[in-house]
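[1] here is the input, now give the coordinates:
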Amino acid sequence: MQKIISYPISVIYYLCFSLCLLVFHPIQWICLNLFGYQAHKKSVDYLNFFLLRCTNLVGTTYKIENRETIPTGVPLIFVSNHQSMYDIVAMIWYFRRFHCKFVSKKELGSGIPSVSFNLRHGGSVLIDRKDPKQAIPVIKGLSEYIEKHTRSAVIFPEGTRSKTGKPKEFAQSGLKILCKYAPSAYVVPVSINNSWKMVRYGMFPVGLGNRLTFTVHKALAVKDYDFAELMAITEKAVVEGVNEYK
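    From the prediction side, this is the model:
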């Protein structure tokens, strides 16, 4: 029954969602080219604010736990499980003070109004998942960027999103590069719950009435751990915080 009800609501939702992407694309261009990074960053923040408001149309609500424990004034590496595109929208807005930059697949770098523009020009990086060698210098560049500018990287070590909510095995290579070239950074594990339910039927219709939770775990100073230990602690924290895994 929920799926049937969702069809007409999803049409309205996607019209609003698409309108936001179309409207903010030229706004981003103007902000970046006329006023620079900070103005562009602000435009991206508010794009994602309005995208979140669009999700309220399908009954989606959000809860961010322990955000106040995130260190300030240092580079950050957010490490999270990945369930849907809504993970990214929420993190950009709710963690906006930390200037989140994403490790994304190259396919997202073209063809999507606003999203592709931000990925190409906002500090995030695009990698070819079929070419691991290409990814190494790209991720290295991101780690040097967050180290220099005291910003944050977001990486989803599963590689692809989980369609059931259950976390997949974490790959180590991307996080290892980030930690190596951003030695003053803190790794911040984040567990995401219920985002997958937004796309339980695929992209259409949208799942209704979901409560998405983002649980921030204890930050770990890269310099205080060898990588194997850091990886193990991070993955354990993320996975144990995912309800579908329990």
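[2] only C-alpha atoms from now on, for both contacts and neighbour counts.
    Will do.
[3] so what secondary structure elements neighbour the strand or helix carrying Ala228?
    Using DSSP states H and E, Ala228 maps to helix 227-240. The contact analysis (3 or more Cα pairs under 8 Å, 6 or more residues apart in numbering; DSSP states H and E) places helix 227-240 against strand 76-80, strand 186-193.
[4] would you turn the ones you listed into TSV with mean neighbour count?
    Shown next, in TSV, are these (neighbours: other Cα atoms under 10 Å):
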stretch	mean neighbour count
strand 76-80	27
strand 186-193	25
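[5] now the helix holding Ala228 and strand 76-80, what's the angle there?
    50 degrees (axes from the mean of the first three to the mean of the last three Cα atoms, to 10 degrees).
[6] gap between helix 227-240 and the chain center?
    Taking Cα atoms, centre = their mean, to the nearest Å, the mean C-alpha location of helix 227-240 is offset from the chain mean by 18 Å.
[7] again with stretch 216-233
    Relative to its chain's centre, stretch 216-233 lies at 20 Å (Cα atoms, centre = their mean).
[8] next, the buried residues of it.
    Val216, His217, Lys218, Ala219, Leu220, Ala221, Val222, Phe227, Leu230, Met231 (16 or more other Cα atoms under 10 Å).
[9] just confirm the third one is within a helix.
    By that I understand Lys218. No - counting by DSSP: H, G, I helix; E, B strand; the rest coil, Lys218 is not part of a helix but coil.
[10] contact partners for the spatially closest residue to Lys223 that is not a sequence neighbour?
    Of all residues not flanking Lys223 in the chain, Pro183 sits nearest, at 6.1 Å (Cα to Cα, 6 or more residues apart in numbering). By Cα atoms under 8 Å, 6 or more residues apart in numbering, the residues touching Pro183 are Glu147, Val222, Lys223.
[11] cool, and Ile139?
    Taking Cα under 8 Å, 6+ apart, we find Ile139 in contact with Val103, Val125, Gly174, Ile177, Leu178.
[12] surely the fourth one touches Val138?
    No - between Ile177 and Val138 no contact is recorded; they are 9.8 Å apart, counting by Cα atoms under 8 Å.
[13] centre of the chain to the helix or strand where Glu147 lies, how far?
    In this structure, Glu147 sits in helix 132-149 according to DSSP H and E. Helix 132-149 sits 17 Å away from the centroid of its parent chain (Cα atoms, centre = their mean).
[14] tell me what the very next helix or strand once past that helix is packed against?
    The first helix or strand that comes after helix 132-149 along the chain, using DSSP H and E, is strand 152-155. If you count contacts as 3+ Cα pairs under 8 Å, 6+ apart, strand 152-155 packs onto strand 76-80, strand 100-105, helix 132-149.
[15] in terms of secondary structure, what does the helix or strand that strand 152-155 is followed by contact?
    Using DSSP H and E, the next helix or strand after strand 152-155 towards the C-terminus is helix 173-181. Packing partners of helix 173-181 (3+ Cα pairs under 8 Å, 6+ apart): helix 132-149.
[16] that's all I had, so thanks and see you.
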